[in-house]
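S.K.: Sequence plus predicted model, see below.
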Amino acid sequence: MALCQSLNFETGVIAEQAYSRIENLSGTKKSLTFSLAIYLDQQAFSDGKESLKISFFTFSPSVEDSSPNFIKQGYEYLKTLPGFQDAIDVLEEGQSAG
């Protein structure tokens, strides 16, 4: 999974179809930190291009049996933050919607 949205960077670059994906995740059941790599678009990621920006986020995951996996929870957390509320979920190859 990844997120897609239009982003304006501090450098003046505008990425109309910015492609953001969780790259690394670590922590404990009380606190998880992940890196979010933002690419110009999905094609840039697929072509192995460098990310435009990497940011780090921390959240408290749910460990209930019915909870989504930690990566999915990370994307759900991002979508609660200003700047990501309009992001659209993008399924990557090999992923299902459920």
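M.R.: Ah, there it is. Numbering: from 1, shown residues only.
S.K.: Now name the helix or strand holding the residue most central in space within the chain.
M.R.: Nearest residue to the geometric centre of the chain (C-alpha atoms, centre = their mean): R21, 3.6 Å. Using DSSP states H and E, R21 falls within strand 14-27.
S.K.: I'd guess I38 is in a strand, am I close?
M.R.: Yes. Assessed with DSSP: H, G, I helix; E, B strand; the rest coil, I38 lies in a strand.
S.K.: contacts for stretch 69-89?
M.R.: 1-5, 7, 20, 22, 25, 32, 34, 36, 57, 59, 61-62, 67-68 (C-beta atoms under 8 Å, 6 or more residues apart in numbering). For every residue, glycine as well, the C-beta is placed using N, CA and C.
S.K.: Can you give me the end-to-end span of it?
M.R.: 15 Å (C-alpha to C-alpha, to the nearest Å).
S.K.: Within its sheet, name the partner strands of the strand holding R21 and how each one runs.
M.R.: As defined by DSSP bridges, the strand partners of strand 14-27 come to strand 2-8 (antiparallel), strand 32-39 (antiparallel).
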